Every structure is written in structure tokens, then in C-alpha cells.
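Engineer: missing the sequence, but the structure's below:
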């Protein structure tokens, strides 16, 4: 078979022609060879060819002819940084489809040390103004954060909770300190396989918790009372005198023992630290009461989160969260797989807001 272009008429349409048959051949154009798929088109122009002059090569759905379209670039609507932002936001889109609700991100990776790297006033103000425009009855908040300001966490928690059906806090890895406080306002905590919360004891700096000094004084008080009890019993047993006679001596002994320790206590600072812990407790209780938890139970949970754990970095996993009395669910199936795929990226990505397409990029 050969290709022949018929003249210049009608835009020089292309037709497929059959060469002349060899001498002696019995076949004619009116009798196509059986089994030849091209036989019906040979020698004549098809109707479609006749009705479509100037036929142009078909443009690929992928973009310009022969050139694949550049990959879709995604980012967070308010702030994002890190080399794997597009890949991470793609996973967030998958998560959104699985949960069937909008997903807001508060992801603060180790790659960023700016004002977006902790729960502070900038995030609280900008994020709340955007969230209030979202009229969805229920939404999910994807959280990876080591904490920040208790006040800002409370403000964000109340903003997310102002949905007719509340919000779900999704934790693939860490939601520590103030991020745990924010999570207390959620109707449900959805925990990845590696997800964990943290205690609510307020941090004075990177190495010390407000609870350290408060508990130190409480330990001194406990020590003084226990020492007085032991000393009194000892003197009664040895002297055979009654308690009324022995108590002044025992008190004097204990006073001399603990006085140097109490002299080192700064009463004003102690009061300030107690107030700091009280702030965390009040915010936690108010967030839990928002989701119809009784105040009594909310106070019990808050005190456990503030005072029970031996260090600020303590890992509060699924079983512990459930034992505390919070509404928690383990991610399963495809949601669990998506969260697992996010984990290696969390330290390298920061993302605040919802997933949007980069300006200037097209599908």
C-alpha cells in the first residue's frame, strides 16, 4: 500500500490508494480481498475524509503536541515550605477524599524556624479568619506540632469547634503540648499508627516545665509533714510520753531541718507558675465543655494531663488517650496507609491552611 496526496483541492486531503494489480490478477476494486482490514478504504476516499478538509493532527490531552504536561504543583493556602510540599499536599488530597470532609493543615516541620513554626498569634489570627469563612458542617484538622502558646491553641480549638458537627483532629505523628490542648476541642481524635499526644504542663523554656518548680514545693511540703509524723512516733516510743508533750520538740526538729530548703523558694515566682498551669487547666476544661463533656469530668482529664506525667516529652499513645477518657479512634485501611506515607515527610514540610494549586500552574 502507498499513500497518495490528491492535488491541491480541498486543502490537499490525504487518500489511501491501491496500486495497480499485477498482470493476470483476477481481483478488482469491486471485489476486495477477504480478510484484508484495509480493503474497504483502498482506492476511494472515505466519507469522513471528504467531509473534513484541512484535518489537523489531534492535540494530545496531555498538553502540546508530543509534550507531556508539567506535573501539577500543590501548596498550602496560607503558608508552606519544604522540598516535598507538592507530594505531601497530594497525600492530603487523598486523605480529604477518604474522610469526605475538608482537611485543614497545621503541619510544622523541623525545616522551618520562622513565625509559622509554632502555634503563635500569626497562625491563630490568619487561620481563624480563613476557617470562619468555611461553612462546612464538619472538618478535619491535620496536626503535626510540638506546641506553642496555650492561648493561641485555645483560640484555634474554639474556631474549629464552631461547626454544627464539630471537627476531627488527625494526628499522624506528634500533637504535643499546646497542640494537645487544641485537640481537646475535637469531637474525635483520629490517631495514626505512630501518633501521640503530650502532657499539658506549661514550658518555661526548652529545658524546664512550670510543673517542675510547683511540684518541688509540694514535695517539700510532703517531706515536712512525713518527717514530723515519723519524728513524733519515734519520740513517743522512746520517751513513753504522750503526743502533746512530744509534738513541740518534733516540730522544732522538723522546722530546723526544712527551713533552709523553704528559704530558697521564691513565693512570687511560685505564684506565677501556679497561675500558668491554671491557665492551661482552664483552657482545657473550656474546650472539653464545648463538646458537651461535664465540667467535673473535664477537670479530671485536665489535671491528669497537667500533673500525672513525669516529663513534658512523655508519649501519650492510643491506649493512654482512651484510658484518659477522650474520644479517640485508630486510623485503619487506606486512611492509615496515607498517614503512614506522610510520616517521613513531616520533619521536612511546613504547611498551614488547605491544599490549593500553585498560581500559574495548569492541569
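Structural biologist: Looks like it came in fine. Here the structure is a predicted model, which is why all the values come from computation and not from measurement.
Engineer: For the rest of this, base every contact and every neighbour count on C-alpha atoms.
Structural biologist: Will do.
Engineer: and stretch 165-180, which residues are buried?
Structural biologist: Buried residues in stretch 165-180, counting neighbours by 16 or more other C-alpha atoms under 10 Å, are found at 166-180.
Engineer: so of the residues you listed, which ones are in helices?
Structural biologist: Counting by DSSP state H, these place 178, 179, 180 in helices.
Engineer: Tell me which residues touch residue 354, please.
Structural biologist: By C-alpha atoms under 8 Å, 6 or more residues apart in numbering, the contact set of residue 354 is 76, 77, 78, 103, 104, 105.
Engineer: which SS class is residue 351?
Structural biologist: strand (DSSP: H, G, I helix; E, B strand; the rest coil).
Engineer: and the residue lying closest to it once chain neighbours are set aside, what element?
Structural biologist: Nearest non-adjacent residue to residue 351, counting by C-alpha to C-alpha, 6 or more residues apart in numbering: residue 80, 4.3 Å away. Per DSSP states H and E: residue 80 is located in strand 79-81.
Engineer: which strands and helices sit next to that strand?
Structural biologist: strand 350-353 (3 or more C-alpha pairs under 8 Å, 6 or more residues apart in numbering; DSSP states H and E).
Engineer: what's the following helix or strand after the strand it packs on?
Structural biologist: Next helix or strand after strand 350-353 toward the C-terminus (DSSP H and E): strand 355-357.
Engineer: List of residues touching that next one?
Structural biologist: Under C-alpha under 8 Å, 6+ apart, the answer for strand 355-357 is 72, 73, 74, 75, 76, 77, 89, 92, 93, 104.
Engineer: Partner strands of it and their direction?
Structural biologist: strand 74-76 (antiparallel) (DSSP bridges).
Engineer: what mean pLDDT does the partner strand have?
Structural biologist: Here strand 74-76 scores 94 as its mean pLDDT.
Engineer: Equivalent analysis for stretch 347-363, please.
Structural biologist: Stretch 347-363 comes out at a mean pLDDT of 80.
Engineer: can you give me how far it is from the chain middle?
Structural biologist: Stretch 347-363 has its C-alpha centroid displaced from the chain centroid by 15 Å (C-alpha atoms, centre = their mean, to the nearest Å).
Engineer: Okay, buried residues for that stretch please.
Structural biologist: 347, 348, 349, 350, 351, 352, 353, 354, 355, 356, 357.
Engineer: and what of stretch 339-346?
Structural biologist: 339, 340, 342, 343, 345, 346.
Engineer: got a list of what the third one touches?
Structural biologist: If I follow you right, that is residue 342. 88, 91, 172.
Engineer: what helix or strand does it sit in?
Structural biologist: With DSSP H and E as the criterion, residue 342 is inside helix 333-342.
Engineer: Can you give the distance from that helix to the centre of its chain?
Structural biologist: So, by C-alpha atoms, centre = their mean, the centroid of helix 333-342 is 12 Å from its chain's centroid.
Engineer: can you check stretch 152-162 too?
Structural biologist: Here stretch 152-162 is found 15 Å from its chain centre; the criterion is C-alpha atoms, centre = their mean.
Engineer: Check stretch 251-271 too.
Structural biologist: 46 Å.
Engineer: again, but for stretch 333-349
Structural biologist: 10 Å.
Engineer: Next, the distance between the ends of that stretch.
Structural biologist: 24 Å (C-alpha to C-alpha, to the nearest Å).
Engineer: Could you tell me which of the contacts of strand 355-357 count as buried?
Structural biologist: 73, 74, 75, 76, 77, 89, 92, 93, 104.
Engineer: quick one: which two of those residues are the most distant?
Structural biologist: Using C-alpha to C-alpha, the pair of the buried ones among the contacts of strand 355-357 lying farthest apart is 73 and 104, separated by 18.0 Å.
Engineer: Which parts of the stretch 201-350 of the chain are strands?
Structural biologist: For the stretch 201-350 of the chain, the strands defined by DSSP state E, counting those that start in this stretch cover 328-330, 350-353.
Engineer: now those strands in CSV, with distance to residue 241?
Structural biologist: Listed next are the strands of the stretch 201-350 of the chain as CSV, based on distance: least, C-alpha to C-alpha, whole Å:
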stretch, distance to residue 241
strand 328-330, 59
strand 350-353, 71
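Engineer: which one of these lies closest to residue 255?
Structural biologist: Counting by C-alpha to C-alpha, and looking across all of these, nearest comes strand 328-330 at 48.8 Å.
Engineer: How far away from the center of its chain is the closest one?
Structural biologist: Offset of strand 328-330 from its chain centre (C-alpha atoms, centre = their mean): 14 Å.
Engineer: what do you get for stretch 242-252?
Structural biologist: Per C-alpha atoms, centre = their mean, the centroid offset for stretch 242-252 relative to its chain is 60 Å.
Engineer: Quick one: mean pLDDT over it.
Structural biologist: Mean predicted lDDT for stretch 242-252 stands at 91.
Engineer: Let me see the confidence value for residue 260.
Structural biologist: Taking residue 260 on its own, its pLDDT is 88.
Engineer: Give me the distance between it and residue 254.
Structural biologist: Applying C-alpha to C-alpha to residue 260 and residue 254 gives a distance of 11 Å.
Engineer: cool, residue 268 as well?
Structural biologist: 24 Å.
Engineer: Over to residue 347?
Structural biologist: For residue 347, the distance to residue 254 - C-alpha to C-alpha - is 52 Å.
Engineer: where are the low-confidence patches of the stretch 151-300 of the chain?
Structural biologist: 206-207 (pLDDT under 70).
Engineer: Helices of that one, start to end?
Structural biologist: Residue ranges of the helices in the stretch 151-300 of the chain, as given by DSSP state H, counting those that start in this stretch, are 178-183, 210-239, 243-263, 267-290, 295-307.
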